[in-house]
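Engineer: can't give you the sequence, but here's the structure:
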């Protein structure tokens, strides 16, 4: 694409999409400084200069039942978004992740003949493969962040760019550990467990009680074990015992932790890039679990194992996610000299090579503006 882009309408519906979209906007501004940005998103997008129409706080839901419960509100946001696009008449529309909403939006605005870019693609290789028909009919550019995913889409006739994964840009070597230990009153010679219960309240509600019971067992097995929980601003943790310290910096926790228990999601990949051995887990409602098993096609719930195409970190889902199993799986990781811990870190290093090189957002911006990767 070579025509000048004066206005862009960009849509993200969840915290992770908000972060990636904001970085993409910043990269686009380097190439096209006068471009104006509007759309649905969060605080990060607003900070990057996007005029927010609908905030992600009103849009972020997960799970079959939850989507049905909030469907009238989401439908209203969809209608308002279509109206906003018609009024703004942007030169380009960028959809970021959030497939349930964004694919519906793509169908409704295709008749406007505005080029549509999709960044962070729907995981059709996991389930709802028939959605690829919608993508072929509506999407003009597809940009993937996973090498295996780009191959999947290309093999099915949807031309897809792979630019590398955004997390490869992050620096996890963030300096002296002393300040981190002092901040949380931690001791240098004791292991630190990092808890990542989730970024959505409904995940927290299922996971947090199990995490607390797991810690009770671990404290008996390893007296003096130190614990930190990564808490997002949009969730509530209750209760939080005094011995569990709260950390809002994901990178600090992962860089200085000994091992982690993390809900399935992008956090597991961050743990891998920080060389933090992790036990992955997830629990959902019984109805969502039934539907997941009926429609789902993936071998693993962790993106780390999916990229590696083999199980390199433990996964505990639904009924297998219980305090005894979590304790059993994380204990070897808390011994810094254990063979299992060292083997996992070695596998992480191989995984990192599959995620590309730095400059990811610059490459994506060039694709959007120029229609191709830079030489």
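Structural biologist: Received the coordinates, thanks. Source: prediction; values computed, not measured. Residues are numbered from 1 along each chain as shown.
Engineer: rest of the way, CA atoms for contacts and neighbours
Structural biologist: Fine.
Engineer: please, where are all the helices along the stretch 51-200 of the chain?
Structural biologist: Counting by DSSP state H, counting those that start in this stretch, the stretch 51-200 of the chain has helices at residues 64-69, 71-88, 99-109, 132-138, 147-155, 177-184.
Engineer: can you tell which of those is closest to residue 235?
Structural biologist: Evaluated over the helices of the stretch 51-200 of the chain, closeness to residue 235 peaks at helix 64-69, with 16.1 Å, by Cα to Cα.
Engineer: any idea how far residue 210 is from residue 16?
Structural biologist: Distance of residue 210 to residue 16, computed by Cα to Cα, to the nearest Å: 24 Å.
Engineer: about what we covered before: mind putting the helices of the stretch 51-200 of the chain into CSV with mean pLDDT, distance to residue 363 and mean neighbour count?
Structural biologist: What follows is the helices of the stretch 51-200 of the chain, written out as CSV (pLDDT from 0 to 100; distance: least, Cα to Cα, whole Å; neighbours: other Cα atoms under 10 Å):
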stretch, mean pLDDT, distance to residue 363, mean neighbour count
helix 64-69, 59, 34, 13
helix 71-88, 91, 26, 14
helix 99-109, 95, 23, 17
helix 132-138, 96, 22, 16
helix 147-155, 93, 15, 17
helix 177-184, 92, 34, 12
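Engineer: just send the ones you listed back as CSV, with distance to residue 357 too.
Structural biologist: Conversion of those to CSV gives the following (distance: least, Cα to Cα, whole Å):
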stretch, distance to residue 357
helix 64-69, 36
helix 71-88, 34
helix 99-109, 26
helix 132-138, 27
helix 147-155, 13
helix 177-184, 27
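Engineer: out of those helices, which comes closest to residue 300?
Structural biologist: Once these are compared by Cα to Cα, helix 147-155 is nearest, at 13.9 Å.
Engineer: burial measure for residue 355, as a count.
Structural biologist: Residue 355 sits with 21 neighbouring residues when counted by other Cα atoms under 10 Å.
Engineer: in contact with it, which residues?
Structural biologist: 146-147, 164-165, 168 (Cα atoms under 8 Å, 6 or more residues apart in numbering).
Engineer: widest-spaced pair of those?
Structural biologist: That would be 147 and 168, which, of the contacts of residue 355, are the farthest apart (Cα to Cα) at 13.3 Å.
Engineer: related to what we said a few turns ago, just the buried members of the contacts of residue 355?
Structural biologist: 146-147, 164-165, 168 (16 or more other Cα atoms under 10 Å).
Engineer: between those, which sits nearest residue 371?
Structural biologist: For the buried ones among the contacts of residue 355, the nearest to residue 371 is residue 164 (16.8 Å; Cα to Cα).
Engineer: not counting residues beside it along the chain, what's closest to the closest one?
Structural biologist: Excluding the flanking residues, the one nearest residue 164 by Cα to Cα, 6 or more residues apart in numbering is residue 356, at 4.4 Å.
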